[in-house]
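1. below is the structure, and that's it, no one-letter string:
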């Protein structure tokens, strides 16, 4: 059970062509934003991963985590999420261990099984192998951080009598995401926690902990919150609607919410907000809703918000971050 809930920010580092700024400036602005967000009182920063995206959706979250770790002092860093089946788990274990050591134990590794055929084709993995790839990968991660030889032989990976060094002094938690019931059950069974998208699946996760003989105290949920929080959230949604629509429809095109081509795109931003994962909250509503979900699910350890939507400027996102920091977070702590 979480004794303290962290509140943080979520980044995908997307820079769509329609609103593109030079990538060097783009990264520099967001790194500075994260430093300032720590000073505002945000507790965590979460990074996600995709590959071969026209908008530059970050393919290298661990590199970015290292840069962020070097410029922050107390923020907890994590991935929500990395696509573990695409990677060599030994290399991920080495990089995550190094990140933990560099940041004084401020890094947690969140992973998922992925869903884009393009990525699996390029990295020579099969979508049908995802469950075994992720479960074997998690087992190799755990063994890699034990200080003992890995000695693992499975369907997908074989690692011999090798010790992975250096060993992290604070082992990263392994968090597993998913929206389908089997994925959420897997998180309860093999991971240290559940990466929850928009509040979906929390009941299933709690039930799954019980199913596998675990108490609520052994569970941990990390919630990626899709709320748009502003003094006038309807006006804010209208102002940033093009960016919100872009985000929602890109995920649909990729197959995040069902097979590509079978899930219809949203026609406009209003439809995306009404029928998507987005909530429109002012400070009072945000405090009420977040207090309720924290009370109903005491395993929640972290709630984080999109810093800005794809194409939206840092200045635009900063207005919401300051509002959350000043009007919401003090009332939740």
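-> Sure thing, it's come through. These numbers were taken from a predicted model, which means no experiment stands behind them.

2. which intervals of the stretch 1-150 of the chain have sub-threshold pLDDT?
-> 1-3 (pLDDT under 70).

3. just the strands from it, written as ranges.
-> For the stretch 1-150 of the chain, the strands defined by DSSP state E, counting those that start in this stretch occupy 6-11, 44-47, 76-79, 82-83, 107-112.

4. which one of these lies nearest to residue 53?
-> Of all those, strand 82-83 sits nearest to residue 53, with 12.6 Å by CB to CB. From N, CA and C alone the C-beta is placed, and that goes for glycine too.

5. partner strands of the closest one, with direction?
-> Paired neighbours of strand 82-83 in the sheet (DSSP bridges): strand 107-112 (parallel).

6. list the contacts of the strand it pairs with.
-> Contact with strand 107-112 is made by 46, 65, 69, 76-84, 92, 96, 99-100, 134, 137-138, 141, 172-178, 183, 195, 222, as judged by CB atoms under 8 Å, 6 or more residues apart in numbering.

7. returning to what we had before: so for residue 235, which of the strands of the stretch 1-150 of the chain sits nearest?
-> strand 6-11 (22.3 Å).

8. so which elements touch the closest one?
-> Under the contact criterion of 3 or more CB pairs under 8 Å, 6 or more residues apart in numbering; DSSP states H and E, strand 6-11 touches helix 23-40, strand 44-47, strand 300-306.

9. can you put these in a markdown table and add distance to residue 237 and mean neighbour count?
-> Converted to a markdown table, these look like this (distance: least, CB to CB, whole Å; neighbours: other CB atoms under 10 Å):
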| stretch | distance to residue 237 | mean neighbour count |
| --- | --- | --- |
| helix 23-40 | 21 | 15 |
| strand 44-47 | 23 | 26 |
| strand 300-306 | 13 | 24 |
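
10. and the strands of the stretch 1-150 of the chain, which is most packed in?
-> Among the strands of the stretch 1-150 of the chain, the stretch with the highest mean neighbour count (mean count of other CB atoms under 10 Å) is strand 107-112, at a mean of 28.

11. about what we covered before: can you tell me which of the contacts of strand 107-112 are in helices?
-> Among the contacts of strand 107-112, the ones falling in helices (DSSP state H) are 65, 69, 92, 96, 99-100, 134, 137-138, 141, 183.

12. which of these lies closest to residue 326?
-> residue 69 (26.0 Å).

13. would you turn the helices and strands packed on strand 6-11 into CSV with distance to residue 242?
-> What follows is these, written out as CSV (distance: least, CB to CB, whole Å):
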stretch, distance to residue 242
helix 23-40, 18
strand 44-47, 24
strand 300-306, 15
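
14. isn't residue 154 right up against residue 137?
-> No. Using CB atoms under 8 Å, residue 154 is not in contact with residue 137; the gap is 9.5 Å.

15. show me which of the two is the more surrounded one.
-> For residue 154 versus residue 137, the count of surrounding residues by other CB atoms under 10 Å is larger for residue 137: 25 against 14.

16. need the contact list for the more buried one.
-> With contacts defined as CB under 8 Å, 6+ apart, residue 137 is in contact with 84-85, 87, 89, 92, 111, 157.

17. distance to residue 191 added to the residues you listed, as TSV?
-> Listed next are those as TSV, based on distance: CB to CB, whole Å:
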residue	distance to residue 191
84	11
85	14
87	16
89	14
92	14
111	8
157	17
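
18. of those residues, closest to residue 9?
-> Nearest to residue 9 among the contacts of residue 137 is residue 111, at 19.6 Å by CB to CB.

19. just give the nearest non-adjacent residue to that closest one, would you?
-> With sequence-adjacent residues excluded and distances taken as CB to CB, 6 or more residues apart in numbering, residue 111 is closest to residue 84, at 3.9 Å.

20. quick revisit: same list (the strands of the stretch 1-150 of the chain) but as TSV, adding distance to residue 331.
-> As requested, the strands of the stretch 1-150 of the chain are exported to TSV (distance: least, CB to CB, whole Å):
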stretch	distance to residue 331
strand 6-11	11
strand 44-47	18
strand 76-79	21
strand 82-83	33
strand 107-112	26
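
21. of all these, which one comes closest to residue 122?
-> strand 82-83 (11.6 Å).

22. which one of the helices and strands packed on strand 6-11 lies closest to residue 230?
-> Residue 230 lies closest, by CB to CB, to one member of those: strand 300-306, at 11.4 Å.

23. just checking, next helix/strand downstream of that closest one?
-> helix 314-327 (DSSP states H and E).

24. and that next one, which residues are buried?
-> Neighbour counts over helix 314-327 (16 or more other CB atoms under 10 Å) mark 314, 317-318, 320-321, 323-325, 327 as buried.

25. what's the closest of those residues to residue 273?
-> residue 320 (14.8 Å).

26. leaving out chain neighbours, which residue sits closest to the closest one?
-> Leaving aside its sequence neighbours, residue 320 sits nearest to residue 230 (CB to CB, 6+ apart; 5.6 Å).

27. quick check, that neighbour in contact with residue 279.
-> No. Residue 230 is beyond contact range of residue 279, at 11.6 Å (criterion: CB under 8 Å).
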